[in-house]
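A.B. asks: Give me coordinates for this.
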Amino acid sequence: MAVFPYARAALLAFCALPLAAHGQVYRCKPDSGPVVYQATPCDAGAQTKVASPASGSDSSIDRPPEQLPAYKLQLADVTRREQVRTAIAEGRPLVSMTRAELDEALGKPARVSSGIVGSSQQDRLIYQRRGRMLIVYLTDGAVVSFEDGGQAPAAPPRADCPGEHDIRKIETAISSYMNRGNDKLQGELRRQLRDAKACKP
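C.D. replies: Numbering: from 1, shown residues only. Predicted coordinates for the structure are as follows:
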């Protein structure tokens, strides 16, 4: 057909686009043990497949990623970017996310612990979301796994909450005849009263 040369040229141009360094997730099946999805290539002896980070399904490609056709790698990278955008919009982590993408999805973590293992930077980020903990593990700035950490610990009781006597003093100051015409003071006293009643010792 007349459009074939144009379609072929478009495909070649598409395949020539550069690949993102973190655009792959590997499905690793060791000789013994469960299937593992990770952002780094499988260990020696483990079967390797290029996998979908969101669903965990593989593309039935058993060759090492460096031997795959360029267009398949490019399509995998486009799919990954779409999945990252969806994960950010839904507020959830995704294997292969960068730290910047993770911050967009989850915000700032409650706690971070970091260290060097071999030549790799290892990070463990803990988030508190909807009363539960979410633990995310990164290697060299990319998410390699995450897990539900269970029920988040309750916030410790505050020792600095005003007592009943302090609340009555604020209420008395609000109703004082001398303070009634001072709008600025009234606003500040009412704010103090709201904060005092909201504070849970």
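A.B. asks: Helix or strand next in line after the lowest-mean-pLDDT helix or strand in the chain, which one?
C.D. replies: Lowest mean confidence among the helices and strands of the chain (mean pLDDT, DSSP states H and E): helix 4-15, at a mean of 38. Counting by DSSP states H and E, the next helix or strand C-terminal to helix 4-15 is strand 26-29.
A.B. asks: Counting by contacts, list what that following strand packs against.
C.D. replies: Judged by 3 or more Cβ pairs under 8 Å, 6 or more residues apart in numbering; DSSP states H and E, strand 26-29 is in contact with strand 36-38, strand 47-50. Yep, even glycine has a C-beta here, placed from its N, CA and C like the rest.
A.B. asks: Averaging pLDDT over each of the ones you listed, report the lowest-scoring one.
C.D. replies: Among the helices and strands packed on strand 26-29, strand 47-50 carries the lowest mean pLDDT, at a mean of 62.
A.B. asks: can you confirm residue 108 is in a helix?
C.D. replies: No: looking at residue 108 with DSSP: H, G, I helix; E, B strand; the rest coil, it is coil, so not inside a helix.
A.B. asks: That one - how many residues pack around it?
C.D. replies: Other residues lying near residue 108 total 8 when counted by other Cβ atoms under 10 Å.
A.B. asks: what's near enough to touch residue 93?
C.D. replies: Taking Cβ atoms under 8 Å, 6 or more residues apart in numbering, we find residue 93 in contact with 87, 102, 105-106, 134, 136, 143, 146.
A.B. asks: Mind listing the residues bridging to residue 117?
C.D. replies: Beta-bridge pairing for residue 117 (DSSP bridges): residue 120.
A.B. asks: Do a quick rundown of the helices in the protein.
C.D. replies: According to DSSP state H, the chain carries its helices in the segments 4-15, 70-90, 99-106, 164-175, 183-198.
A.B. asks: mind checking which of the ones you listed is nearest residue 126?
C.D. replies: For residue 126, the closest of these is helix 99-106, at 10.6 Å, according to Cβ to Cβ.
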